[in-house]
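Colleague: Sequence plus the predicted model coming up.
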Amino acid sequence: MTPRPVHILCPLGDPNSAKAWSGLPKRLVDALQCCHRLGVAEQAQIHPFWYVLDKPFRLALGEQSRNREQTTLIHNRRVAATLHRTHELQDGHVLHIGTGAFPHKAALEGTRNYLLIDATWRAWSNTGMGRQMPESIRLAVDRRERACYEKVRHVFTISQYVRYQVCSDYGINPDKVTAIGSGFGSIQPFTGAKDYTWKKILFVSKGHFVEKGGQLLVEAFRAAYSRDPQLSLTIAGREEYLTQFKNEPGIIPMGYLQPGSDALQRLFNEHTLFVMPSQYEAWGFVYLEALACKMPFIGLKHNAFRELSNNGQFGYGLETGSVHELTETLLSAFSDPAGLEARGKAGQAYCLGTYTWDKTIQRMLAVMDRPPA
């Protein structure tokens, strides 16, 4: 029997583009093509869910909210129409990237629908921007997300941590949820030698500097640098870093670097410790890229940190995320170059042996191709 093709629908951009959702859909597309299982890969021809909800957000903040349900219904019908226009979807598996374009129930008939997420709405809504949303909107989207989990044949999560959240917070049967992991992005593994006596710290972020822990790191670095001026910190990812940190002792600012560029690759090859104490990082492709280049990492000890660091073997976890704790962790890590090197080498071996796109796809296909119970 010929294996069914996998069709990918993504509301977060073109799944054939490396710019969509940190490149994850594109990586899935490439991996499915390699094993000859890719069907249709397209962007749902609608606005992403968050933009669709802009109108009800405004309504809830001061105007009448009578159109809220109507707006969501129109959104769902557009997705349903997209599915029905693509008739060949019924011959294969349909993988929805995120719940943002999950279809109206009419579109579920006759199709084998699956869902891939890297975070739950409930966890995201309790951080940053999510806390600013009206409670009525938070509850409405939470109900909709639960319905998505219930309607699909299976839910795929990137991390074990999010799998646990789906099961515990939404009451979904654990047999219906599988963590499939991921490979890493455009950074290639570094096979050369590193001198771990070089006290070179790397932070890379294209945005959300404070949320990614950038300000916390700068303050901790200042304190650590006053005690050990051999430390250096490279901050890369946005043009404004060039002026923001140009006069900071020990800090080397760099602007935007194209993913996959030689300049970005060199940063990962040359530095010995990656630090990103992000307030909320559902997965963290950049942590995997650091490990692939023999760089242990520092992050907050929550979300997927334990998985990616193998319970702290290849990374340094922060309990509180205070300036003092991070300062001491930086100094402690570089006080033991041999230990840092051991973590870096073991972390690379673990990363390359555990997190590959081929293994991610095989875990997913094993569920999709399973005979119905």
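Modeller: Alright, I've got the coordinates.

Colleague: Settle this for me: residue 7 is touching residue 97, isn't it.
Modeller: No. Assessed by Cβ atoms under 8 Å, residue 7 is found out of contact with residue 97, at 11.2 Å. Any C-beta I mention is one placed from the backbone N, CA and C, and that applies to glycine too.

Colleague: For the stretch 151-300 of the chain, just list every one of the strands.
Modeller: For the stretch 151-300 of the chain, the strands defined by DSSP state E, counting those that start in this stretch cover 154-157, 177-179, 200-204, 232-236, 251-253, 273-275, 297-300.

Colleague: Can you redo the ones you listed as TSV, where the extra columns are mean neighbour count and mean pLDDT?
Modeller: Conversion of the strands of the stretch 151-300 of the chain to TSV gives the following (neighbours: other Cβ atoms under 10 Å; pLDDT from 0 to 100):
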stretch	mean neighbour count	mean pLDDT
strand 154-157	24	96
strand 177-179	19	98
strand 200-204	24	98
strand 232-236	21	98
strand 251-253	20	98
strand 273-275	26	98
strand 297-300	25	96
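
Colleague: Could you export these as TSV, including distance to residue 325?
Modeller: Formatted as TSV, the strands of the stretch 151-300 of the chain follow (distance: least, Cβ to Cβ, whole Å):
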stretch	distance to residue 325
strand 154-157	29
strand 177-179	29
strand 200-204	16
strand 232-236	17
strand 251-253	20
strand 273-275	12
strand 297-300	10
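
Colleague: Select, out of the ones you listed, the one closest to residue 185.
Modeller: Of all the strands of the stretch 151-300 of the chain, strand 200-204 sits nearest to residue 185, with 11.2 Å by Cβ to Cβ.

Colleague: Report the buried residues of stretch 263-270.
Modeller: 264, 265, 267, 268, 269, 270 (16 or more other Cβ atoms under 10 Å).

Colleague: got the contact list for the last one?
Modeller: Right, residue 270. residue 200 (Cβ atoms under 8 Å, 6 or more residues apart in numbering).

Colleague: Kindly indicate which of the buried residues of stretch 263-270 lies nearest residue 323.
Modeller: Using Cβ to Cβ, the buried residues of stretch 263-270 come closest to residue 323 at residue 267, 24.4 Å.

Colleague: I'd like the distance between the closest residue to the closest one other than its chain neighbours and residue 353.
Modeller: Residue nearest to residue 267 in three dimensions, not counting chain neighbours: residue 202, with 5.8 Å by Cβ to Cβ, 6 or more residues apart in numbering. According to Cβ to Cβ, to the nearest Å, residue 202 and residue 353 sit 23 Å apart.

Colleague: Would you indicate which residues of the helix or strand hosting residue 24 are buried?
Modeller: Element membership of residue 24 [criterion: DSSP states H and E] is helix 24-34. Neighbour-count burial for helix 24-34 flags 24, 25, 26, 27, 28, 29, 30, 31, 32 (criterion: 16+ other Cβ under 10 Å).

Colleague: Save those residues as CSV, and put in distance to residue 179 and pLDDT too.
Modeller: Output for the buried residues of helix 24-34, formatted as CSV (distance: Cβ to Cβ, whole Å; pLDDT from 0 to 100):
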residue, distance to residue 179, pLDDT
24, 14, 91
25, 18, 92
26, 21, 93
27, 16, 94
28, 15, 95
29, 21, 95
30, 21, 95
31, 17, 95
32, 19, 96
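
Colleague: quick one: which of these is nearest to residue 279?
Modeller: For the buried residues of helix 24-34, the residue nearest residue 279 by Cβ to Cβ is residue 24; the value is 20.9 Å.

Colleague: Please report how far that closest one lies from residue 308.
Modeller: Residue 24 sits 15 Å away from residue 308, going by Cβ to Cβ.

Colleague: Please verify my assumption that residue 25 contacts residue 13.
Modeller: Yes. Using Cβ under 8 Å, residue 25 makes contact with residue 13 at a distance of 7.5 Å.

Colleague: ok, back up a step: specify the beta-bridge partners of the residue nearest to residue 267.
Modeller: residue 234, residue 274 (DSSP bridges).

Colleague: Residue 244 reaches residue 253, doesn't it?
Modeller: Yes. Using Cβ under 8 Å, residue 244 is in contact with residue 253, at 6.8 Å.

Colleague: thinking again about what came up before, just checking, what packs against whichever helix or strand comes after the helix holding residue 24?
Modeller: Note on helix 24-34: by DSSP H and E, the next helix or strand toward the C-terminus is strand 38-43. On a contact count with 3 or more Cβ pairs under 8 Å, 6 or more residues apart in numbering; DSSP states H and E, strand 38-43 meets strand 6-10, helix 24-34.

Colleague: What residues sit buried inside strand 38-43?
Modeller: Within strand 38-43, judged by 16+ other Cβ under 10 Å, the buried ones are 38, 39, 41, 43.
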